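J.: Sequence isn't available, so here's the structure alone:
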C-alpha cells in the first residue's frame, strides 16, 4: 500500500531535481486530461517554481491556459506503459483516464486531478508569462502543494531503496531509463 | 580512450532528455568558468533549444550575459566529485579549472571551453529574453553544435551498456543518482 504524505514546499524542488519524466494533468470547464512531458525542471527553491514545455497543439495547453493550473505527477516504472500511452494520443479524441484505466484523486489546492500510482505530485499555479508561452510553449508555475509516496520519498529526499518503486527518465521510441544507483560524491578538498 | 563524435542537431535534445545534471561552461573577456546546474532541460527539437537556470550572483551569469554563449557539458559518474566541487565555490575567487584539475578543449562554434571527461556537450547561443533572465534567472539557448562520447552515445541515443560511463542526476547534499537500467515500455494497445 502506498501512503501519500505532504512534502514541505521548500523541499518540493527535490521531487524534480533528478530530472524524471512527468505527467502533466489538468482540468477546466468540465474537461480533464493528462499528457507526458520529458521537458520539465525546477526553477526556484522558495517559493518553489517549475518550468514545463506544453505544446500549443495539445488539449492540455487549452486546459492549462483556461484554468491557470496544472499538476506534475511523477510516474514510477510500473507506470511506464501508461506514460507512453498518454503521450501517444490526444485528449481531444480520447478520454485517457478511461481508456488507459487511470485512477485520479483530488488535490489540495487546484482542480487538476492527481494520478494514482505516481510517486510524487506537484500542484502548480501558472505564473503568466504570455510571450514565452507563445514563443516557446514554455510554462512557469508556482508549486502551491506537493505530495510524495512514503515508500519512495521521505525526510525531504527520494530514498529508492532496493525494492521500492523508482522514477523514470524518457529516452525516445518507447525507451526509458530507470533512476539508478544512489551514491555520494566525495566533498571537494 | 574516449572518442568525441558530432551529434546531429535534430538529435541534440536526446542528450538532455533523461534529465542529467550538467556543467555550464562559459568564457568572456579573458575569463572562463564552469558551474554545476541540476536545472536544465530541452526546449525544442529543431532548431534545438535548451533552458537553464543561471543564478544572478554567479560569475557564470556575468560571462554568459557578456558573451551571449554557454556550453552544457554532461558529466559522467567519474566526474561527480568535480561536479560537486565546481558547484560549491565561486569562479570569482577560484580558478576552478586549475584548482580541480579540469582539462578543457575548444568547441566548434562558441568560445566557451568544453570539459574533458564529459559524455556530451551542447554549444549554445543565448536567445535573449531579458524579462525572464531578470525575473527567474532563466536562460534560453539555441544549440549550435553538439558532441558525444562514442562510448556512451551513438545513433542518436545514449547506450550506457554495462561498463560504459553513465550520466548522473543530482539529489542534494553531495548525493546523486546514476542513470539506471534501460527498458522499453510496452506500446499502448
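T.: Looks like it came in fine. Computed from a prediction, not measured in an experiment: that's the story for all the values here.
J.: any idea how far residue A:58 is from residue A:91?
T.: As for residue A:58, its distance to residue A:91 is 7 Å (criterion: C-beta to C-beta, to the nearest Å). (C-beta placed from N, C-alpha, C; glycine too.)
J.: which residues do the two both contact?
T.: Contact criterion C-beta atoms under 8 Å, 6 or more residues apart in numbering or on different chains; residues bridging residue A:58 and residue A:91 by contacting each: A:33, A:35.
J.: what pairs with the residue nearest the centre of chain A across the strands?
T.: The central residue of chain A, meaning the one whose C-alpha is nearest the mean C-alpha position (C-alpha atoms, centre = their mean), is residue A:72 at 2.4 Å. Note on residue A:72: beta-bridge partners by DSSP bridges are residue A:24, residue A:122.
J.: now the helices for chain A?
T.: Using DSSP state H, the helices found in chain A span residues A:59-67, A:80-86, A:96-99, A:130-136.
J.: List the buried residues in the longest one.
T.: Right, helix A:59-67. A:59, A:60, A:61, A:62, A:63, A:64, A:65, A:67 (16 or more other C-beta atoms under 10 Å in any protein chain shown).
J.: I'd like the distance between the closest residue to the fourth one other than its chain neighbours and residue B:173.
T.: In this case it means residue A:62. The shortest distance from residue A:62 to any residue other than its chain neighbours is 7.4 Å, reached at residue A:28 (C-beta to C-beta, 6 or more residues apart in numbering or on different chains). As for residue A:28, its distance to residue B:173 is 39 Å (criterion: C-beta to C-beta).
J.: picking up where we left off before, hang on, the residue nearest to residue A:62 packs against residue A:61?
T.: No - with contact defined as C-beta atoms under 8 Å, residue A:28 does not count as touching residue A:61 (10.8 Å).
J.: Grab the nearest non-local neighbour of residue A:29.
T.: Residue nearest to residue A:29 in three dimensions, not counting chain neighbours: residue A:66, with 6.2 Å by C-beta to C-beta, 6+ apart.
J.: So what's the residue count around the residue in chain A that chain B sits nearest to?
T.: Using C-beta to the nearest C-beta, residue A:19 is the residue of chain A that sits closest to chain B, at 1.6 Å. Residues within reach of residue A:19, counting by other C-beta atoms under 10 Å in any protein chain shown, total 29.
J.: Where does pLDDT dip in chain A?
T.: Scanning chain A with the threshold set as pLDDT under 70 gives A:1, A:187-189.
J.: For it, which segments count as strands?
T.: Using DSSP state E, the strands of chain A run over A:4-6, A:22-28, A:31-37, A:40-44, A:49-53, A:69-75, A:104-106, A:113-115, A:118-127, A:138-149, A:153-154, A:157-158, A:168-172, A:175-184.
J.: Which elements pack onto the longest one?
T.: Okay, so that is strand A:138-149. The contact analysis (3 or more C-beta pairs under 8 Å, 6 or more residues apart in numbering or on different chains; DSSP states H and E) places strand A:138-149 against strand A:4-6, strand A:49-53, strand A:118-127, helix A:130-136.
J.: by how many degrees do it and strand A:69-75 diverge?
T.: Our comparison of strand A:138-149 with strand A:69-75, counting by axes from the mean of the first three to the mean of the last three C-alpha atoms, to 10 degrees, yields an angle of 50 degrees.
J.: Within the sheet, what are the partner strands of strand A:138-149, with directions?
T.: So strand A:138-149, judged by DSSP bridges, has these partners: strand A:4-6 (antiparallel), strand A:49-53 (antiparallel), strand A:118-127 (antiparallel).
J.: Also the fourth one?
T.: In the sheet containing strand A:40-44, the strands it pairs with under DSSP bridges are strand A:49-53 (antiparallel).
J.: Name the residues that touch the partner strand?
T.: A:16, A:22, A:24, A:37, A:39-43, A:70, A:72, A:122, A:124, A:127, A:136-143, B:41-44, B:51, B:136, B:138.
J.: Residue A:28 and residue B:173: who's more crowded?
T.: Shown here are residue A:28 and residue B:173; by other C-beta under 10 Å, residue A:28 has more neighbours (19 against 10).
J.: Bridged to the more buried one, which residues?
T.: Beta-bridge partners, per DSSP bridges, of residue A:28: residue A:31.
J.: Could you do residue A:168 as well?
T.: When bridges are called by DSSP bridges, residue A:168 pairs up with residue A:178.
J.: ok, it - contacts?
T.: The neighbours of residue A:168, taking C-beta under 8 Å, 6+ apart as the test, are A:20, A:21, A:75, A:76, A:77, A:79, A:80, A:83, A:176, A:177, A:178, A:179.
J.: Show me which of the contacts of strand A:49-53 are buried.
T.: The neighbour-count test (16+ other C-beta under 10 Å) marks A:16, A:22, A:24, A:37, A:39-43, A:70, A:72, A:122, A:124, A:127, A:136-143, B:41-44, B:51, B:136, B:138 as buried among the contacts of strand A:49-53.
J.: starting at the chain centroid, how far to stretch A:124-134?
T.: Stretch A:124-134 has its average C-alpha position 17 Å from the chain's average C-alpha position, going by C-alpha atoms, centre = their mean, to the nearest Å.
J.: Was I right to think residue A:63 contacts residue A:33?
T.: Yes - under the contact definition of C-beta under 8 Å, residue A:63 touches residue A:33, with a separation of 5.7 Å.
J.: Next, show the common contact partners of the two.
T.: With contacts defined as C-beta under 8 Å, 6+ apart, the residues adjacent to both residue A:63 and residue A:33 are A:26, A:27.
J.: I'd like the strands of chain A as TSV, with distance to residue B:110 appended.
T.: What follows is those, written out as TSV (distance: least, C-beta to C-beta, whole Å):
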stretch	distance to residue B:110
strand A:4-6	44
strand A:22-28	31
strand A:31-37	28
strand A:40-44	22
strand A:49-53	23
strand A:69-75	32
strand A:104-106	45
strand A:113-115	41
strand A:118-127	30
strand A:138-149	23
strand A:153-154	38
strand A:157-158	35
strand A:168-172	26
strand A:175-184	29
